[in-house]
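K.L.:
build me a structure from this.
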Amino acid sequence: MLYARAITLRNCGRFTVVASDFGSDYRTQTHVTSEALYASLTRGATWKPHLIDLKNDSYAFTETYDIPKMPIWFLPALFLVNGSYRLPDDHLDSNAFNVVNEFYPSTSKCFAFKKGNLEEKPRPYHVPTYGTIQAIKPDHRLVTYAFSLRKELLEGFADGQTFILGKKRTMFQIVELSEVVEGLWKNGICGTSWLELPPNYGSKFQQLQILSATMRYIIVKGLTKDNATYIEFMIDSKSICMPDFYWE
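P.N.:
Got it, this is the predicted structure:
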């Protein structure tokens with residue numbers, strides 16, 4: 001049996017996830033990935049400490065977290081304003097930044113330790129020293145759906161719980177929870193909710209809409225091809241359809 005539950009969170013501070021950098025004009029995503037939600041809403045309970053090799057890092061999420069120890073997963077969470085997934089400008093703001101070297105007040109130099117000695121070097125040309133960074137203003141709603149084979153993991157969430165999310169460590173709070181529901185296996189055409197999938201999975205849809213795309217994933221919803229196997233959950237009178245390839 002597979003169980004599901006809707007979770008609505010609000011951001012208690014300004015939230016930033018860099019989506020693009022036009023010179024030094026940073027824009028933020030208006031969604032949060034499944035992996036980031038797992039890390040946050042499980043409080044990092046299954047994180048596997050390891051040395052990070054930047055040169056050979058595989059970016060494999062399953063090598064960073066031991067998911068079988070806490071088998072729970074989340075759909076990508078989207079900020080909502082009046083039912084829209086795209087936030088209007090008055091719900092976003094930009095803050096100016098100016099980087100000053102912490103060793104010496106300058107924006108033209110950088111320092112690095114080499115064999116125990118501190119060396120002064122010119123600032124790398126690709127490192128911006130000033131610009132703007134966009135953020136989502138506080139008290140916006142973020143909606144996700146949690147899934148698990150273990151019902152008790154979903155029942156552990158409670159109204160008012162707080163979590164830390166994102167590299168900026170923004171606090172989020174649960175403000176609404178649905179009942180825990182059991183899914184039913186079906187066959188046919190599945191009209192999905194927003195899913196996070198590898199980019200090549202677009203071929204599994206006959207119709208689709210893409211909210212965001214990176215080299216690692218696409219945030220997509222649409223109609224699957226005929227004779228798909230899927231799980232359907234009825235949550236607050238809304239059908240949540242999960243095709244079998246989502247679990248591959």
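K.L.:
how about Ala135, nearest residue that isn't a chain neighbour?
P.N.:
Arg14 (3.9 Å; C-beta to C-beta, 6 or more residues apart in numbering). Every residue, glycine included, has its C-beta placed from N, CA and C.
K.L.:
what are the ranges of the helices in the chain?
P.N.:
All helices of the chain, identified by DSSP state H, fall at 34-41, 61-64, 151-155.
K.L.:
low-confidence bits of this protein, can you list those?
P.N.:
Scanning the chain for pLDDT under 70 picks out 20-23, 54, 57-59, 83-85, 99-109, 123-129.
K.L.:
ok so, going back, what residues are up against the residue nearest to Ala135?
P.N.:
By C-beta atoms under 8 Å, 6 or more residues apart in numbering, Arg14 lies in contact with 93, 135-138, 168, 170.
K.L.:
what about those, which are in strands?
P.N.:
93, 135-136, 170 (DSSP state E).
K.L.:
about what we covered before: single out the most deeply packed of the helices of the chain.
P.N.:
Greatest average neighbour count among those goes to helix 34-41 (a mean of 21), per mean count of other C-beta atoms under 10 Å.
K.L.:
before we move on, back to that, any chance of the contacts of Arg14 in CSV, plus distance to Gly44?
P.N.:
Shown next, in CSV, are the contacts of Arg14 (distance: C-beta to C-beta, whole Å):
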residue, distance to Gly44
Asp93, 29
Ala135, 23
Ile136, 23
Lys137, 27
Pro138, 23
Lys168, 16
Thr170, 15
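K.L.:
which of those are buried, as a ChimeraX select command?
P.N.:
Command for ChimeraX that selects the buried part of those, burial taken from 16 or more other C-beta atoms under 10 Å:
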select :135,136,170
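K.L.:
and which of the contacts of Arg14 is nearest Ala60?
P.N.:
Lys168 (23.8 Å; C-beta to C-beta).
K.L.:
how close does the closest one sit to Ile133?
P.N.:
10 Å (C-beta to C-beta, to the nearest Å).
K.L.:
who touches both of those two?
P.N.:
Thr16.
K.L.:
where's Gly156 relative to Gln29, distance?
P.N.:
From Gly156 to Gln29 the distance is 27 Å (C-beta to C-beta).
K.L.:
which one of those two has more residues nearby?
P.N.:
Gln29 (21 against 13; other C-beta atoms under 10 Å).
K.L.:
of the contacts of Arg14, closest to Ile67?
P.N.:
Closest approach between the contacts of Arg14 and Ile67, by C-beta to C-beta: Thr170, at 23.7 Å.
K.L.:
I'd assumed Phe15 was in contact with the closest one.
P.N.:
Yes - contact status for Thr170 versus Phe15: in contact at 4.7 Å, counting by C-beta atoms under 8 Å.
K.L.:
and the end-to-end length of stretch 50-68?
P.N.:
18 Å (C-alpha to C-alpha, to the nearest Å).
K.L.:
what of stretch 190-209?
P.N.:
Start-to-end span of stretch 190-209 (C-alpha to C-alpha) is 14 Å.
K.L.:
mind checking how far stretch 219-233 is from the chain centre?
P.N.:
21 Å (C-alpha atoms, centre = their mean, to the nearest Å).
K.L.:
next, the buried residues of that stretch.
P.N.:
Quick answer for stretch 219-233 (16+ other C-beta under 10 Å): 219-222, 224, 228, 230-231, 233.
K.L.:
give me the neighbour count for Glu176.
P.N.:
Look at Glu176: counted by other C-beta under 10 Å, it has 13 neighbours.
K.L.:
same question but for Cys190, I mixed them up
P.N.:
For Cys190, using other C-beta under 10 Å, the count is 23.
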